[in-house]
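In: Predicted structure and sequence below. I'll ask about it afterward.
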Amino acid sequence: MFTWLAFFLPCLFRSQFVPFFAVVGGPILALNLQEFVRRKAPKRTQVTWLALARASLILGGLGLVVAAWPGWLVTGTEGPRRWVLEIDPSVEMVGTQIANWRQEGVLQGNGFHYFPETANALTWLFPDQKGFLNSHLHLSSESAADFVTIRKGFRTPGIPAKDSSWKALLRKHQISYLVIDGKDPRLTKQIMDNLLAVPQEWSLVFLGGRMAVFAWRDPENPGTASPLARHPINLESLAFGERDNQRAPDSGPDRGPEPWKWWDAFWRSRQVASMDRDLASLYLQYFDSMILPFSERHMHVWNFTLATKIVAAGASVGAPSLEECFHVDSRPREMARHAFLNGLDDGPTASLHLAIRAARRALKFNPDDVQVHFLLGEAYYRLQNHSRERIWAVKFPKLARIRTVQVISSYQQALHFKRDLVQAHNRLSELYLTLGYKDLAYQHSLEVLKHERLGPVSGEPREKYRQRLAQLKEFVQIQEQELRELEEKYLFNSSNLKVLDRAFVAGRMGLAGKALEILLKSDIAAFGPEGMDVELKMLLGTGQVEKVRAWMTAAHELDLGPSSFHWTKAQLAAAVGDYFLADEHLHALVKSPASPAMPMRTMGTLMLANAILDNDGLFQRLPLRVFPLTSYGFLADRQTAPARLWGLANLFNEEAKIQVLRAILALECGRTREAKDLFQNAIDFWNCRLGRTFVDDESAAGRRIAEFHLVLLNSDSRARSK
């Protein structure tokens, strides 16, 4: 008893004594149990109990060994254990960066680590970097209270509030920077929301792995701030500059996803979490945290613009009436404001590009990481719905199609590994409703309802949960009723129709899943190339990229036709992150009608030269067998040359649009120099005399896209030259 107490009592004061108590307490407990059995039971019963105890102990030990090998006894990634010490690369990276800053003299003062575990790891890796609190130090009650107060201050919304006693503690302990570990995304976003709302005090100076570092500029003592605080991280330069370390792989993963089975944990190599996965999550959290500051900034611009228009109207002949002041450009002010804000980014799109690249690198490292697939879908979703692309996609349908395939395929890949991922089901239900795929949206809404019935989320009030669940049930019931009516209408209208016609009827009614089911159950001979094209489009639109990949071979190019084949392959490659292949197929979409090997400008030169030199077509009378051409119809005379040249001009316009799409994917991948050249080529065409004749909506949207991105790319070039 006294030995047990001697090791137990110190544990009440210092946690470092717990391992010693565990070593001593186990044998003492075993001896006490043995003595208890010996005293209470007869000798024959003792033998039986001891035999059973020994057998249970042996079997239990073997079971623990078997369970320990795949990692079932601890939280984390399953897989065979290894006799190595795994150091979190994020912690090592941030520690190295802080050490470099101190050597360079740009960082003074002490650091505050929001999680003591981070301070422990940094102290072990870098003994010179002492944290405010870690498990190796015995702090006084006053210091521990200061630590709790400072943590609470970072979590409290509205950092510039009058109650800033915790800032006095920062000055007291000479804190100049904060280190956040993003292992808790919800808490990390809450802290980043508060810090990014006051950029005059807190500067984000580092993002790496799951670590973020903010430098503090004390408003009461601005001269004491570290020089690093005056130079926050420039995500625009990282995203739009020529930096090879920020690029995504040119090709997709080396293999397709392989779902994890429980027995794989005994033999399949355990994948260590990629640091790029954590980085992608941090970039998304940064974008979400910047939505409110961006919104406030956009409203300031809108109010200034509105005031300028009202003042300009008042300066004109005749003072405006009160009613006229509430209208801008003959539209109600609310509609004008909505259109103005809808044409701007809700947050920094540079962080979304960086998140996509980090997620693509993480998938190259581990194609089976369900969280990376979901993060990639979230990045594409924000790019599609919370940036200027939501306006561009209306007039530039190829961009809308690429983004839709990318975002849906990412969510579907996440569900391929984890069927109960409610966030992915929720997103897909929303996206399918937008696309008009009502039956598919209903299926995902049912999955969301099934999950929500399990109970409220952490911290959600019970009454609010009941209201939310009731609204979701009502929404699903409305979907179910509408779907039942559509299916009855479909059965009535599709009788005695051919396979392809039945699929078209189902698709027009919003039964996309039904239409795809009809096509998949039928043979290709039943619906022909047109139905084949529809089937592939729907497979891509529902994120079933593996089925499309298995079917799309060079042998089917003749069945689909070159245009549909290359466009489908380009979408497939963009969805899986094979940027090189996507660019190759997009480039193949615009070719010379006479010969794929002949550039279109060469063909136009020959057409024009033939028309000028001879009315009868001089080139048509030459022995053209020396040219590797299959058709010489483009060598027209003066009468037919204008129409054919105009057709060629339309091809040039299509080429400019494709160049914009290629540039967007090149920028997404991180090949900024190539993206800049492609954008510039498209602008050069639309600025020439011929290109200015194309004033259709798609060409105008392509021009706006190219001009916007060229400003970003050129601004980074100018910044580097200074």
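Out: Sure, I can see it. Residues are numbered from 1 along each chain as shown.
In: Could you identify the helix or strand that succeeds the helix ranked longest in the chain?
Out: Using DSSP state H, we find that the single longest helix of the chain is helix 462-493. Using DSSP states H and E, the next helix or strand after helix 462-493 towards the C-terminus is helix 499-508.
In: just checking, what packs against that next one?
Out: For helix 499-508, the helices and strands in contact under the criterion 3 or more C-beta pairs under 8 Å, 6 or more residues apart in numbering; DSSP states H and E are helix 462-493, helix 512-521, helix 524-541. In short, each C-beta sits where N, CA and C put it, glycine included.
In: can you tell me how far the most centrally placed residue in the chain sits from Ala355?
Out: The centre of the chain sits closest to Ala379, judged by C-alpha atoms, centre = their mean, with a distance of 2.3 Å. When distance is defined by C-beta to C-beta, to the nearest Å, Ala379 is 4 Å away from Ala355.
In: again with Met538
Out: Distance from Met538 to Ala355, counting by C-beta to C-beta: 28 Å.
In: Who has more neighbours out of these two?
Out: With neighbours defined as other C-beta atoms under 10 Å, Met538 and Ala355 compare such that Ala355 has more, 28 against 20.
In: That one and Phe374 touch, don't they?
Out: No. Using C-beta atoms under 8 Å, Ala355 is not in contact with Phe374; the gap is 11.9 Å.
In: Strands of the protein, residue ranges please.
Out: With DSSP state E as the criterion, the chain has strands at 110-113, 175-181, 202-208, 211-216, 327-328, 331-332.
In: Just say which of those is most tucked in.
Out: With neighbours taken as mean count of other C-beta atoms under 10 Å, the strands of the chain reach their highest mean count in strand 211-216, at a mean of 24.
In: what is the orientation angle of it with strand 175-181?
Out: Relative orientation of strand 211-216 and strand 175-181, computed by axes from the mean of the first three to the mean of the last three C-alpha atoms, to 10 degrees: 160 degrees.
In: Tell me, how many residues neighbour the closest residue to Gly182 other than its chain neighbours?
Out: The spatially closest residue to Gly182, leaving aside those adjacent along the chain, is Arg210, at 4.0 Å (C-beta to C-beta, 6 or more residues apart in numbering). Each residue near Arg210 was counted by other C-beta under 10 Å, and the total is 26.
In: List the contacts of Arg502.
Out: Taking C-beta atoms under 8 Å, 6 or more residues apart in numbering as the criterion, Arg502 is in contact with 494, 515, 518.
In: List the contacts of the second one.
Out: Same thing as Ala515. Remark: with contacts taken as C-beta under 8 Å, 6+ apart, Ala515 is in contact with 502-504, 506-507, 534, 538.
In: for the last one, same thing?
Out: When the contact criterion is C-beta under 8 Å, 6+ apart, the partners of Ile518 are 499, 502-503, 506.
In: Just the buried ones among these, please.
Out: If you count burial by 16 or more other C-beta atoms under 10 Å, the buried members of the contacts of Ile518 come out as 499, 502-503, 506.
In: what's the closest of those to Ser563?
Out: Sorting the buried ones among the contacts of Ile518 by how near they are to Ser563, with C-beta to C-beta, puts Ala503 at the top with 21.1 Å.
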